[in-house]
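> A predicted structure for the sequence below; I have some questions about it.
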Amino acid sequence: MKPLFDQDHYEVLETRRDAAPDDIERSYRMALATYAEDSLAGYSVFSEGDTSAIRERIEVAYRVLMDEESRRAYDDSIGFGASDDLLEASFDAVMSGDSPPVSQLLNIEEPKRELESIAAFEDVDDGSGDFDGARLRRFRLRCGMELEDISRITKINNSYLSAIEEERFADLPSKVYVRGFVTAFASTLGLDTKAVVTSYMKLHDESQESHRKSRFF
Amino acid sequence: MISNEHGDTTENFEPPVSDQPGGARLIPIGGGKGGVGKSFVVANLAAALARAGYRVVAVDGDLEGANLHTCLGVPKPKTSLADFVAHREDDLQKLVLPTPITNLQLIAATDGNLASPQPSHSRRVRLTRELRKLSADFVLLDLGAGTHSAVMDYFMIGHDGVVVIAPEPTSVENAYAFIRAAFYRRLRLAMVSHDVRKIVTTAMDQRNERGIRTPLHLLKEIQSLDSAEGTRFVATMQAFRPRIIINDVRTAEDVKLGFSIRSVCHKYFGIEADYLGYVNHEDKARLSLRARRPIVDLYPRSDAAIYLSRIAHKLSATSSVVATGVRPAEPNTAPPPQAQSPRAPSPESAPNFRSQRPNPGPRS
């Protein structure tokens, strides 16, 4: 464990060293939310001074890493590219001055910190089956997006989006609109729009069909 | 040493063993707060593992609030852990009961002695030893609420116990208290020198006069006293990997909570927690409880069942345990008679979790 002020910018943001700007941005937002004053995850552990210090540290890391030039200079200064051993060495220098790495002393493997993101839950989907409302919701949660976020991006009314997820077809406008909504929804989630629309509209049509029949009798 | 001046009894507990060659893999599941769906999660993870062909024993460790048997559709168990606690039975294996689900057995916790429900220290030591000897691939231990020393001792039987959290402030707060208690107890157990142990004991009091507020403070104190103990401290930190499940998720914010808690554990405790997964809020969960059947068994196609099966899959994928149970015929269309409620819907077809089971490789 390293004190916060000995952590490098990547560790502070809990992101990979080869993270793309997009990833850094996401990690930064995640970190800000985690260490916000009223954060559900943090408020019972940290005192007010703690979180503001952490937030300051996060801001510095973000500023340095988001600028291509300053990031390169920073990478050079911490010897990024040399090897992970160097990191470990500095870790132990912090811990005990000049003793050999703890991992060598104890002959244990340093646990590799898995820097997974929300996408790590990708495997909740096995890639088969219909794209029904529940599956769309699973993908949305996996992307860490609320319906409001989708609504803001797609400009589709929140109530239509929730009707799509809950398959309340009666609450949706005519078919051509639904098709458009589902396309936009799927594309926001980074899904194959064609596959999603084909699958979802089949559900939609079947339901409408049975609805018509029941009315007829 | 049987117990120290604080009545703490972990000192002569066996060190946690998370993977014993040949033995059952023990997974303690706690959470600090009651009502977060711990028993629901335990029952379903157990059922999901059983459906995947593992032989599983689910153990209700909550002697003062037993209900795991109900989640699994076992009516009024005649024997339970209480018989072991009261010295009526010494062989834990004899308390194992069948459940309606293939490969899944239960040790209930019903009918405890109201006067003294918790086992004595020596009984607790014996219990952890007996749990390891159970004939099974996985033993899932459902812990009671709170951070009572008995609960924490059970949580220590594995390195990677599971903490179930609901996305609400009370649950999150108690979960940290739980992780903190587990961490400090483990730490004190790992320290050899009497003086260092005393410092750890001091630090366990949040308002200690030495002003040790965080594990990092504590580490610095210990290092300045004894560098070998400092090394052990770091090793203990690295070995301790609690796993988090967020239950009853409704929004993407709730999903992210797991990542945030993991981050706080890292930055505050220096502990690497694993975010095992989340289980969504599910209306059918109530129906499955009412039908007294795990949701992975009753509604395997429901959202919650898919998430729970996924978590079970992760648990089995990170262990070297080999399935030795009978693979139930697919689909599982023989509902147990005693578990049927008049309005229980027919079971849906089985999920594809089974086909995803990996080759059990060595645990890394």
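Alright, I've got the coordinates. Numbering: from 1, shown residues only, chains lettered A, B, ... in the order given.
> outline the domain layout of chain A.
Domains of chain A are assigned by automatic domain parsing as A:4-81, A:121-216.
> the first one and chain B, any residue contact?
I take that to be domain A:4-81. Yes. Using C-beta under 8 Å from any C-beta of the partner chain, we find that domain A:4-81 touches chain B at A:4, A:14, A:30-31, A:33-34, A:39-46, A:54. Just so you know, the C-beta spots here come from the backbone N, C-alpha and C atoms, and that holds for glycine as well.
> poorly predicted segments of chain A, please.
For chain A, residues meeting the criterion pLDDT under 70 lie at A:1-5, A:80-128, A:215-217.
> could you pull out the helices for it?
Along chain A, counting by DSSP state H, helices occupy A:9-13, A:21-34, A:48-66, A:68-77, A:84-96, A:102-106, A:133-142, A:147-154, A:158-165, A:175-188, A:193-216.
> switch the domains of chain A over to JSON lines; also include mean neighbour count.
Output for those, formatted as JSON lines (neighbours: other C-beta atoms under 10 Å in any protein chain shown):
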{"stretch": "domain A:4-81", "mean neighbour count": "16"}
{"stretch": "domain A:121-216", "mean neighbour count": "16"}
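> let's have these in a markdown table, adding distance to residue B:214.
Below are the domains of chain A laid out as a markdown table (distance: least, C-beta to C-beta, whole Å):
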| stretch | distance to residue B:214 |
| --- | --- |
| domain A:4-81 | 9 |
| domain A:121-216 | 29 |
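> nearest to residue B:252, out of the ones you listed?
With C-beta to C-beta as the criterion, residue B:252 lies closest to domain A:121-216 of the domains of chain A, at 4.8 Å.
> sorry, back to before: residue B:205: which of the helices of chain A is closest?
helix A:48-66 (19.5 Å).
> tell me what the closest one is packed against?
Helix A:48-66 makes packing contacts with helix A:9-13, helix A:21-34, helix A:68-77 when contacts are defined by 3 or more C-beta pairs under 8 Å, 6 or more residues apart in numbering or on different chains; DSSP states H and E.
> want to throw the ones you listed into CSV with distance to residue B:208?
Listed next are those as CSV, based on distance: least, C-beta to C-beta, whole Å:
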stretch, distance to residue B:208
helix A:9-13, 28
helix A:21-34, 27
helix A:68-77, 39
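> what about those helices, which gets the closest to residue A:156?
Across the helices and strands packed on helix A:48-66, closest to residue A:156 is helix A:21-34 (C-beta to C-beta), at 23.1 Å.
> for that closest one, name the packing helices and strands.
Taking 3+ C-beta pairs under 8 Å, 6+ apart as the contact cut, helix A:21-34 packs with helix A:9-13, helix A:48-66, helix B:252-264.
> tell me which residue of the stretch 201-350 of chain B lies closest to chain A.
Relative to chain A, the nearest point of the stretch 201-350 of chain B is residue B:270 (2.8 Å; C-beta to the nearest C-beta).
> rewinding a little: out of the helices of chain A, flag the one nearest residue B:51.
The nearest among the helices of chain A, by C-beta to C-beta, is helix A:133-142 at 20.4 Å.
> now the closest one: how far from the chain's centre is it?
Centroid separation for helix A:133-142 versus its chain: 14 Å, with C-alpha atoms, centre = their mean, to the nearest Å.
> do the same with stretch B:235-254
12 Å.
> quote the end-to-end distance of it.
The straight-line separation of the ends of stretch B:235-254 (C-alpha to C-alpha, to the nearest Å) is 32 Å.
> in that stretch, what counts as buried?
B:235-249, B:251-252, B:254 (16 or more other C-beta atoms under 10 Å in any protein chain shown).
> near chain A at all, the strand or helix carrying residue B:189?
Taking DSSP states H and E as the criterion, residue B:189 maps to helix B:169-190. Yes. Remark: helix B:169-190 sits within contact range of chain A at B:169, B:172, B:173, B:176, by C-beta under 8 Å from any C-beta.
> over to stretch B:251-258?
Yes. Using C-beta under 8 Å from any C-beta, a contact is recorded between stretch B:251-258 and chain A, made by B:251, B:252, B:253, B:255, B:256, B:257.
> other residues contacting that stretch?
A:30, A:33, A:40-41, A:118, A:121, A:140-146, A:149, B:165, B:167, B:172, B:244-246, B:248-249, B:275, B:277-278 (C-beta atoms under 8 Å, 6 or more residues apart in numbering or on different chains).
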